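*Asks:* return a 3D structure for these sequence lines:
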Amino acid sequence: MKKLLLGTVLLTATAGMAAAQDVVRIGTEGAYPPYNFINDANEVDGYDIDVANEVCARAELTCEWVTNDWDSIIPNLVSGNYDAIAAGMSITDERDEVIDFTQAYYPPDPSAYAGLDEIDVTSAVVAAQAATIQATHVAESGATLVEFATPDESVAAVRNGEADAVLADKGFLVPIVEEDPDLVFIGEDVMLGKGIGIGLRESDTELKEKMDAALASMKEDGKMAELLEKWFPGMDPDF
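*Replies:* Numbers count the residues shown, from 1 in each chain. Alright, predicted model coming up:
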């Protein structure tokens, strides 16, 4: 559940409501497994995609997927290049000032540090994906922040010696650390964000109502728990 930092970019709302359109276009990054990624069939896949597709089916919406670089994913929503975001995006107060969110479809997830050795991360060089609140946390911690365009590049920076550690969503890092005997988790987890929601333009109230109703029904009938178990085995479905 990646956490996007909006920064100082001024965004302007566009007219019209996505819910009134024939097709609802959903933006995702496609580079953050298991939340979203491009599979062997060259199609978007992952937890975000399964959740949003089920939402569209229950809300009787015709939905299409669009991939977009992370650092411009909110500006492109606001400018009308698509109508919603399902990209492991955490709900934050700062982001909520510019766009709206559905209810959460994934609980608040810890971020974690990983590196080659146990170190004091507050005085280390720490990598993070640019435009995330992990990056903001590192900068505010006293560590030296180095930013990269993708999460994979931030992990590679640790492996090649550019950084002492990486801070990212723990759900993203767990399979990487498990598969790499040289990497270990460092210190305590860090709680950031308020859970993952679908991002929408502030003006799209009808679309938000439809998606919220679909998400609520998924939680009530067990579909959300089923998808959580598929992508995050052992995850507590009660949130």
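*Asks:* tell me the SS of the residue most central in space within the chain?
*Replies:* By CA atoms, centre = their mean, the mean C-alpha position of the chain lies nearest to residue 88, the distance being 2.1 Å. Of the three states, residue 88 takes coil under DSSP: H, G, I helix; E, B strand; the rest coil.
*Asks:* that one: what's it in contact with?
*Replies:* 1-2, 29, 32, 35-36, 47-48, 106, 169, 196 (CB atoms under 8 Å, 6 or more residues apart in numbering). Any C-beta I mention is one placed from the backbone N, CA and C, and that applies to glycine too.
*Asks:* distance between the ends of stretch 168-188?
*Replies:* Stretch 168-188 has an end-to-end distance of 13 Å (CA to CA, to the nearest Å).
*Asks:* list the buried residues in it.
*Replies:* Burial within stretch 168-188, assessed by neighbour count using 16 or more other CB atoms under 10 Å, is assigned to 168-173, 176-177, 183, 185-186.
*Asks:* same check, this time on stretch 209-218
*Replies:* Under the neighbour-count criterion of 16+ other CB under 10 Å, stretch 209-218 has 210-212, 214-215, 218 buried.
*Asks:* hmm, back to that, so which of the buried residues of stretch 168-188 comes closest to residue 134?
*Replies:* Distance to residue 134 across these (CB to CB) is lowest for residue 168, with 6.0 Å.
*Asks:* just list whatever residues bridge to that closest one.
*Replies:* Taking DSSP bridges as the rule, residue 168 bridges to residue 112.
*Asks:* what sits against it?
*Replies:* Contacts here follow CB under 8 Å, 6+ apart; on that basis residue 168 touches 111-112, 114, 128-129, 134, 151, 154-155.
*Asks:* any idea how far residue 48 lies from residue 25?
*Replies:* 14 Å (CB to CB, to the nearest Å).
*Asks:* compare the two (neighbour count), which wins?
*Replies:* residue 48 (30 against 17; other CB atoms under 10 Å).
*Asks:* for the more buried one, give me the backbone phi and psi.
*Replies:* Backbone torsions of residue 48, given as degrees, to the nearest 10, read phi -60, psi -40.
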